[in-house]
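> coords please:
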Amino acid sequence: MTEQEPAVPPLRLFIEDSARDPSSKIWYALPGGYFDVPLDVLDAEPGSEHEARLEHLMALVADCAPEAEHDRFAGTVRDVRYMVRQMRREGIIGCALGMHYADDGSSASSVVTVALRDIEWAPPKLTAVRAVSLLESPQNVGLLALPGGRPASVSDIVVTMPAVGGMAAQELYQCNLHIPAPSGVQLAVLTLSTVAVSSRKHYRDLMESIAYTVSFHDPLAEIERAARGEGANGLGTIKDDIAADFG
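The predicted structure is shown next:
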């Protein structure tokens, strides 16, 4: 009598609706605990449907706040919208906020931004090296070999943020990914920022994992075929990688 091998649970693949946006220019996966900030809604065009909905929502929320807090709330909303507008001007097309728990039970928050920049053509590997070399005081610089032999660079740094608005000075950890498009004329820049400096190794590993999910073409058809275990073109052999990258 032979011992039966344990049944392998079916691969579970969760794909958000945003991944199927036909206007997408870049695809990437974030781990659990992150949620997208709707930049296009917070920086809606004047007179647009998004603008009308946002104004209506803000009015409803303001009505729920104590009357003495209305001005402070309105000021906070203006600050957030100004920040979003500045982010979009810098080419940021994606932003996500994350909240996770550390081993000691404390919570740690982080922000991941995604920018897509048009650049003059250059070999992708040269672009990856050049991009990280132009950063101010980059540390722990590394080169990654992504699927398909695509190059990328990763670096991180800890900076001290000055005291602002009554808040004490604090350290900020930043990790940057630079991933050239295969065409050589675009560069994806993914940045994670967090004050949880003690968890920087975890966040560095997290960003390197995200790098392996970045694509400049719609990967969903290939991912879904691999998730079903179809072996065409060797896709069935990457099921475990997809499970690790996409959850």
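> Double-check that Arg85 belongs to a strand.
No: counting by DSSP: H, G, I helix; E, B strand; the rest coil, Arg85 falls outside a strand, being helix.
> I'd say it and Asp40 touch.
No: using Cβ atoms under 8 Å, Arg85 is not in contact with Asp40; the gap is 11.5 Å. To be clear about C-beta, it is placed using only N, CA and C from the backbone, and glycine gets the same treatment.
> Name the SS class of the spatially most central residue of the chain, please.
In the chain, the C-alpha nearest the mean C-alpha coordinate belongs to Val112, at 4.2 Å (Cα atoms, centre = their mean). Classification of Val112 by three-state DSSP places it in strand.
> Let the chain start at 529 from now.
Renumbered: residue one is now 529, and that last one reads Val640.
> Next one: it relative to Phe744, how far apart?
Val640 sits 18 Å away from Phe744, going by Cβ to Cβ, to the nearest Å.
> And the chain, what are its domain boundaries?
Domains of the chain are assigned by automatic domain parsing as 562-617, 640-744, 747-775.
> could I get those domains as TSV with mean pLDDT?
Below are these laid out as TSV (pLDDT from 0 to 100):
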stretch	mean pLDDT
domain 562-617	73
domain 640-744	89
domain 747-775	52
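> so which of those domains gets nearest Gly626?
Ranking those by proximity to Gly626 (Cβ to Cβ) places domain 562-617 first, at 4.2 Å.
> Okay, now the closest one: how far is its last residue from its first?
End-to-end distance for domain 562-617: 23 Å, by Cα to Cα, to the nearest Å.
> Quick one: residues contacting Pro675.
Going by Cβ atoms under 8 Å, 6 or more residues apart in numbering, Pro675 touches Tyr740.
> And it, how far from Leu720?
To Leu720, Pro675 is 21 Å away according to Cβ to Cβ.
> and if you look at Gln614?
Gln614 is 19 Å from Leu720, by Cβ to Cβ.
> which one of these two has more residues nearby?
For Gln614 versus Leu720, the count of surrounding residues by other Cβ atoms under 10 Å is larger for Leu720: 22 against 11.
> and the more buried one, what is it in contact with?
Ser638, Val639, Val640, Tyr701, Gln702, Cys703, Tyr731, Leu734, Met735.
> cool, Pro666 as well?
Val660, Ser683, Asp684, Ile685, Asn704.
> Look up which helix or strand the last one falls in, please.
Taking DSSP states H and E as the criterion, Asn704 maps to strand 698-708.
> Would you mind listing the buried residues in that strand?
Residues Tyr701, Gln702, Cys703, Asn704, Leu705, His706, Ile707, Pro708 are the ones in strand 698-708 that count as buried (16 or more other Cβ atoms under 10 Å).
> just checking, the fourth one touches Ser721?
Pointing back at Asn704 there. No: contact criterion Cβ under 8 Å: Asn704 and Ser721 do not qualify, at 9.8 Å.
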